[in-house]
Every structure is written in structure tokens, then in C-alpha cells.
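J.: How does the following fold in three dimensions:
(chains A and B)
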Amino acid sequence: MKNAGTLKLTTPTDREISMTRVFDAPRRLVFDAFTKPELVKRWLLGPPGWTMPVCEIDLRVGGAYRYVWRHADGKEMGMGGIYREIVPQERLVCTELFDEAWYPGEALVTTILAEQGGRTTLTSTMLYVWQETRDAVLKSGMERGVAASYDRLEELLMSIE
Amino acid sequence: MMATLRALAEPNRLHIVELLRDGPRPVGDMVHRLRLRQPQVSKHLRVLSAAGLVDVRVDAQRRIYALRPAPLQELEVWLEKYRRLWEGNFQRLDALLDELKTEELKTKEKKRARTKR
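T.: Modelled structure (predicted):
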């Protein structure tokens, strides 16, 4: 399989994680792969052993999407959000919240597609609403709860290997 | 990890961490290199210390700061796992895009063949 580019991952600020990746395809196809359920289901699967039995996308500003993954052992994981901005083939902004979120508040995900010479550069930035929730979290002494959620994330990520 | 990200998000603090990568340094040396005033540097060092990123030891009159590698390693491990998760997704996406391109090409050829007829 041809690997068009390596994934670059950065943390530009304390509440952002940014990914950049080049795909050897025009951006209209990449956009389709991100927004058509029958296509999303085929690649957005995470670690081996997971399938995506639920993938609903209402591609309108204010429209919702809902993903549910299921592991071979029966475990399920759900996630969803609302589309905030849609520029076909170019830009998608949506909220993102896991059913069992390991971070307080939603994340805001901005996906930008830039095409050059038939290749597409994808930049996806996840903005975690840490700053806004930080003070409340600290005041209510929920830090330990957050730490426990991180452990869950760790477990989840561990299962990749 | 949130504390690590938060502490590193400030450019001067990131610069301090980069300086300390080469080894422990006294505050005065960092003040000189960063071209900041001592109180500012001390403030940044307090934040880094609270996040567990640096340790301080007093040597005669000097306060010497050193990097604590644990939080940075933790961040690196987390990012590496995250990167691997997405690389898996994107490799599947590569294959799917190849398939979509081939389909598009076939459709075009069919159309061309039809118009020729």
C-alpha cells in the first residue's frame, strides 16, 4: 500500500492537538471520506478489533453526527457532536464529545483540506475546552476525577498495541 | 499531562525547558540567555516547578534548576500512542482513496467510450 505521507502531531498550545497528513488524492475525495457514512465506516476504526456499526451524519450547520464503535469482545464506545461550519471540500468545524469523556467539556475539531497537484494536505486541530473548565475543575477538587479519566484513556490507548 | 501542556504552552517557559535540556543551569544564566528580568524568569520557573517539570537545588548562593524528565516522557508516550492510532486510521484512508480514484477513472472511461460511439 502506498503511504502518501507521515503523520505530524504537535501541541501548538496547552489545549490544542494538531495533526497534519498528506493524502495522494484530490480533496473532494478526502472530503467525501470524512462526510459520507458508508466511507467513514471503512477507515475511522481506531485500533484493530473495532468496527463502526453506527455512523450517522447530518451534514448541515447545526446538524449532528453520531459514531458508535464496537469491539470484537462486545465493548462499545460512542461519540458525537454538532457541525458548526461547513465549507464543502475545504473546511469542517464540529464539536466532539465521547460518551465517556476523559476530559471535561467538549472538544472543537477544525479540519482543513488544501489541495496541490492532486494531493491533499489535511490539518486537523482539536481544541479542548480545558481553559474554560479548568478553574471550575480545580475549585471542585475534581482533579482526581480527571486523572482517573486519563487512566481510562491510557487503557484505551494501551489496547491499540 | 494537562499540567505539562499548560506549562509548556508559554513560549518563554518552553525556551527554559529547551535550555535545561543541555543540563542544569543557575537562574542567573537563564536570565542572561532569555533576555528577561530575573522576577519574570523566577515566575516562569515557579510554574514549571509546580507542574513537576523542573527541580531546584541550592548551591552556595545560587539556585540551580534541572529538568525532570518524567512529565515530558509521559507526554511523549501519550502523543506517540495517539499518533499510532491515527496513522492506522489514515493508512486505511489511503487505501480507500486509492479505490475511489480508480472508480472515478473507470466512470470517466465509460463515459468517454459512450460518447465515442
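
J.: use CA for all of it now, contacts and neighbours both
T.: Will do.

J.: the strands in chain B, which residues?
T.: Here chain B has its strands, by DSSP state E, at B:25-26, B:54-59, B:62-67.

J.: Let's have the ones you listed in JSON lines, adding mean pLDDT and mean neighbour count.
T.: Below are the strands of chain B laid out as JSON lines (pLDDT from 0 to 100; neighbours: other C-alpha atoms under 10 Å in any protein chain shown):
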{"stretch": "strand B:25-26", "mean pLDDT": "94", "mean neighbour count": "18"}
{"stretch": "strand B:54-59", "mean pLDDT": "92", "mean neighbour count": "14"}
{"stretch": "strand B:62-67", "mean pLDDT": "92", "mean neighbour count": "18"}
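
J.: Include distance to residue A:63 when you put those into CSV, please.
T.: CSV is the format used below for the strands of chain B (distance: least, C-alpha to C-alpha, whole Å):
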stretch, distance to residue A:63
strand B:25-26, 54
strand B:54-59, 46
strand B:62-67, 47
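
J.: Ok, which of those comes nearest chain A?
T.: Closest to chain A of the strands of chain B, according to C-alpha to the nearest C-alpha: strand B:54-59, at 17.8 Å.

J.: That closest one vs strand B:62-67, what angle?
T.: 150 degrees (axes from the mean of the first three to the mean of the last three C-alpha atoms, to 10 degrees).

J.: Give the pairing partners of strand B:54-59; include direction for each.
T.: Strand pairing for strand B:54-59, using DSSP bridges, gives strand B:62-67 (antiparallel).

J.: Give me the contacts around the partner strand.
T.: B:17, B:20-21, B:23-27, B:53-58 (C-alpha atoms under 8 Å, 6 or more residues apart in numbering or on different chains).

J.: What is the burial count for residue B:19?
T.: Residue B:19 has 18 neighbouring residues, counting by other C-alpha atoms under 10 Å in any protein chain shown.

J.: nope, residue B:105 is what I was after
T.: 12.

J.: Residue 21 - nearest residue in space that isn't next to it in sequence?
T.: Going with chain A. residue A:7 (4.8 Å; C-alpha to C-alpha, 6 or more residues apart in numbering or on different chains).

J.: could you do chain B instead?
T.: That would be residue B:67: by C-alpha to C-alpha, 6+ apart, it lies 6.8 Å from residue B:21.

J.: what's the spacing between that neighbour and residue B:91?
T.: 37 Å (C-alpha to C-alpha, to the nearest Å).

J.: before we move on, back to that, and for the residue nearest to residue A:21, the neighbour number?
T.: 17.

J.: ok, now which ones touch it?
T.: Contacts of residue A:7 (C-alpha under 8 Å, 6+ apart): A:19, A:20, A:21, A:22, B:83, B:86, B:87.

J.: Which member of these is positioned nearest residue B:115?
T.: residue A:22 (35.3 Å; C-alpha to C-alpha).

J.: who's the closest one bridged to?
T.: residue A:121.

J.: Wait, it touches residue A:118, no?
T.: No - in this structure residue A:22 lies outside contact range of residue A:118 using C-alpha atoms under 8 Å: 10.7 Å.

J.: Specify which residue of these two has the higher count of neighbours.
T.: Taking other C-alpha under 10 Å, residue A:22 and residue A:118 do not tie; residue A:22 has more neighbours (21 against 11).

J.: which residues does that one contact?
T.: A:4, A:5, A:6, A:7, A:119, A:120, A:121, A:122.

J.: same thing but 10 Å
T.: With contacts defined as C-alpha atoms under 10 Å, 6 or more residues apart in numbering or on different chains, residue A:22 is in contact with A:3-8, A:113-115, A:119-123, B:90, B:94.

J.: which of these count as buried?
T.: Buried by 16 or more other C-alpha atoms under 10 Å in any protein chain shown: A:4-5, A:7, A:113-115, A:119-123, B:90, B:94, out of these.

J.: what stretches of chain A score poorly on pLDDT?
T.: For chain A, applying pLDDT under 70 flags the ranges A:1-4, A:11, A:13-15, A:101-105, A:128-161.

J.: for it, what spans make up the strands?
T.: A:8-10, A:16-23, A:50-57, A:64-71, A:76-87, A:91-98, A:107-116, A:119-128.
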